[in-house]
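Participant: Below are the sequence and a predicted model; questions follow.
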Amino acid sequence: MDDRQRTVATRVVDKMMAGDAFSQWLGIERLEEGAGHCTLRMTVKEEMLNGFSIAHGGISYALADSALAFASNGHGLKAVSVETSISHLRPVKAGDILTATAIEDHCSRKIGVYRVEVHNQAGQLVALFKGTVYRTGEEWLEG
């Protein structure tokens, strides 16, 4: 498949991932991306645990934040987060497989609001994330 045949969202996320060392370190796997939505998956590793032997809160936060970034930029315009929050609902352990799904709740010319649900391999909701982005108007792709 040549570059023209791939969706704008896929081309944008390809470009973003190429320079995103942190998402690569997390071992993020892209399951789906599109304009205003994204689903990612990763496995929690031992080195991601805190002193309670559960995943550091920043791990599920980072996964959700990446899903937000890919979903909000999937329209082809550069978008940056201006406010984010997360609620951690269940502990996450090493070996857990987390899936984050970002959904666009609102998108205007300048502001987008997204909800990201993070589930474990048992389908249990482990975190709820909300993000607001500023849409710069600058395009990711030429032409």
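Facilitator: Yes, it's here. Numbering: from 1, shown residues only.

Participant: per-residue pLDDT, Arg6?
Facilitator: pLDDT, Arg6: 72.

Participant: So it: helix, strand or coil?
Facilitator: coil (DSSP: H, G, I helix; E, B strand; the rest coil).

Participant: what's it in contact with, if anything?
Facilitator: Asp14 (Cβ atoms under 8 Å, 6 or more residues apart in numbering). All C-beta spots, glycine's among them, are computed from the backbone N, C-alpha and C.

Participant: If we use 10 Å, what do you get?
Facilitator: Shown in contact with Arg6 (Cβ atoms under 10 Å, 6 or more residues apart in numbering): 12-14.

Participant: The longest helix seen in the chain packs against which elements?
Facilitator: Longest helix in the chain by number of residues (criterion: DSSP state H): helix 57-73. In terms of contacts (3 or more Cβ pairs under 10 Å, 6 or more residues apart in numbering; DSSP states H and E), helix 57-73 is packed against helix 8-18, helix 21-26, strand 29-34, strand 37-43, strand 77-88, strand 97-107, strand 111-119, strand 125-139.

Participant: let's see 6 Å
Facilitator: Judged by 3 or more Cβ pairs under 6 Å, 6 or more residues apart in numbering; DSSP states H and E, helix 57-73 is in contact with strand 37-43, strand 77-88, strand 97-107, strand 111-119, strand 125-139.

Participant: Sheet-wise, list the partners of the first one with their directions.
Facilitator: If I follow you right, that is strand 37-43. Under the criterion DSSP bridges, strand 37-43 sits next to strand 29-34 (antiparallel), strand 97-107 (antiparallel) in its sheet.

Participant: Give me the angle between the first one and helix 8-18.
Facilitator: When you say that, I think you mean strand 29-34. Per axes from the mean of the first three to the mean of the last three Cα atoms, to 10 degrees, the angle that strand 29-34 makes with helix 8-18 is 140 degrees.

Participant: Likewise for the longest one?
Facilitator: What separates the directions of strand 97-107 and helix 8-18 is an angle of 130 degrees, with the same axes, to 10 degrees.
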